[in-house]
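1. Next comes the sequence, and after it the predicted model I'd like to discuss.
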Amino acid sequence: MSRNEPPVNWTGGVEPECPCPSSHDKLQEAHYFIHEMVDKYHQPDEFRFSLSAFLQASRSVTLFLQVEAAASPAVRQWYERTAQPQLATDADLKILNSLRVQTVHRAALAVNSHATIGYYRYGMCRLTLPMVQMAPDTDGFTALIMARMLVDGLPLANPQRVWSGEEIGVDRQWVLEELPGREITKVCIDTLEKLRRVIFDAHEAHSGLHFEFPTGGCAHGRGGYTVLRESELFPEISRAWEAESPDRLVAGRNGLKFLAGPSPASPVWHELAPGQHADGWVGPRSTQWGSGYSSALLRSIGRKLVERRTAVFFETQAAQVSPGRRRRKR
Ligand SMILES: [Zn+2]
Ligand SMILES: [Zn+2]
């Protein structure tokens, strides 16, 4: 899905007589935090904070509803006969609520994650490698760099990504011990849908009217958020697809090192003597890693085609870059 799309508003519009304004508002809040989870899916801390906030808000929907239902005899009857028994016996709601209680007392949720590295073409996974366990604090950027290192030299993606739309991606699954085998965001989205139905029914019990909850087009239901692909972080990949002529990098007077990651401690993959040149596609400035380093996809060093370790970083100051002409593939 495209990230950062705002949630569809379920409280806006004309609603003359809401039987449960507080629970309705909390439903909107829970919906907002689903979008936060989706947007921050590849940033472990932010994801965890958003999950915690979703659990709080979703529990508040039912707590407020219990209070608000009491104000109207019709809604109260519906709540006691229909809603409460349903909510009380829902296994997922029970588990999520017990998690919420824990998060109040504990510093962190015990979120686990594992990931699958895949070869993608036009956004679709074509081939996957065996699943790897991933430390819960590994962010998406680091996971993608690790994935590139692991697939280097395998006959998977072309080293220069010459096939339009081809790239490496990481599909990550956040799973809680209490809900084995199920991606937690999906469980939360299903829970939101259950709560949305309950609030819808509350409106109906109150006035017989169907309050409109437009759910059709909302971005959170589209999926795809578990995957992070190279082109999302490294625009130089799309430049290679477009067959733009590469940039020329000339090593400065201290030489030029091409590294596996954007830090001096990263493994050195290629090294150029002062004045030596390389050709490749250099990425734009990014906030994903510390300033001072640029990313690139190498094509050649001198006249020699680079066949391995083509996805690199280098100290921006150490190279003089002359941009290649931006031309389009015919
Ligand atoms: Zn949504
Ligand atoms: Zn309402």
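-> Yep, that arrived. Ligands and ions are numbered 1, 2, ... in the order given.
2. domain assignment for the protein?
-> Domain segmentation of the chain under automatic domain parsing yields 21-109+184-224, 111-176, 236-322.
3. Let me know which of these is the nearest to Trp10.
-> Evaluated with Cβ to Cβ, these place domain 21-109+184-224 nearest to Trp10, the distance being 5.1 Å. Every residue, glycine included, has its C-beta placed from N, CA and C.
4. Could you tell me the end-to-end distance of the closest one?
-> This stretch, domain 21-109+184-224, spans 33 Å end to end (Cα to Cα, to the nearest Å).
5. hmm, it in reach of ligand 1?
-> Yes. Domain 21-109+184-224 lies within reach of ligand 1 by Cβ under 5 Å from the ion, at Cys218, His220.
6. Tell me which of the domains of the chain sits nearest to ligand 2.
-> In terms of Cβ to the ion, the element of these nearest to ligand 2 is domain 21-109+184-224, at 3.6 Å.
7. just checking, next helix/strand downstream of the top helix by length along the chain?
-> The helix spanning the most residues in the chain, taking DSSP state H as the definition, is helix 44-69. Next in sequence after helix 44-69, counting helices and strands by DSSP states H and E, comes helix 73-78.
8. if we can go back for a sec, TSV for the domains of the chain, including mean neighbour count?
-> What follows is the domains of the chain, written out as TSV (neighbours: other Cβ atoms under 10 Å):
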stretch	mean neighbour count
domain 21-109+184-224	17
domain 111-176	17
domain 236-322	17
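9. how about a markdown table for these, with distance to Glu5 added?
-> Below are these laid out as a markdown table (distance: least, Cβ to Cβ, whole Å):
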| stretch | distance to Glu5 |
| --- | --- |
| domain 21-109+184-224 | 4 |
| domain 111-176 | 16 |
| domain 236-322 | 20 |
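10. In JSON lines, list these along with mean pLDDT and distance to Glu230.
-> As requested, these are exported to JSON lines (pLDDT from 0 to 100; distance: least, Cβ to Cβ, whole Å):
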{"stretch": "domain 21-109+184-224", "mean pLDDT": "87", "distance to Glu230": "13"}
{"stretch": "domain 111-176", "mean pLDDT": "90", "distance to Glu230": "4"}
{"stretch": "domain 236-322", "mean pLDDT": "96", "distance to Glu230": "5"}
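11. quick one, phi psi at the residue in the chain that ligand 2 sits nearest to?
-> The chain approaches ligand 2 most closely through Cys18 (3.2 Å), counting by Cβ to the ion. Main-chain torsions, Cys18, degrees, to the nearest 10: phi -80, psi 130.
12. picking that back up, who are the packing partners of the longest helix of the chain?
-> Judged by 3 or more Cβ pairs under 8 Å, 6 or more residues apart in numbering; DSSP states H and E, the packing partners of helix 44-69 are helix 21-39, helix 73-78, helix 91-105, strand 111-121, helix 184-207.
13. what helix or strand does Asp279 sit in?
-> strand 277-282.
14. Tell me how far that strand lies from the chain's centre.
-> Offset of strand 277-282 from its chain centre (Cα atoms, centre = their mean, to the nearest Å): 30 Å.
15. partners of that strand in the sheet?
-> The strands beside strand 277-282 in its sheet (DSSP bridges) come out as strand 247-251 (antiparallel), strand 293-301 (antiparallel).
16. Which among those is found nearest to His206?
-> strand 293-301 (56.2 Å).
17. Now that closest one - C-alpha only, CSV.
-> Written as CSV, here are the backbone C-alpha positions of strand 293-301 (Å, rounded to 0.1, in the frame of the first residue of the first chain):
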residue,chain,number,x,y,z
TYR,A,293,27.3,9.0,3.5
SER,A,294,25.6,8.4,0.1
SER,A,295,24.2,5.2,-1.4
ALA,A,296,24.9,3.9,-4.9
LEU,A,297,24.4,1.0,-7.2
LEU,A,298,27.7,0.3,-8.9
ARG,A,299,28.1,-0.6,-12.6
SER,A,300,31.8,-0.5,-13.2
ILE,A,301,35.1,0.3,-11.6
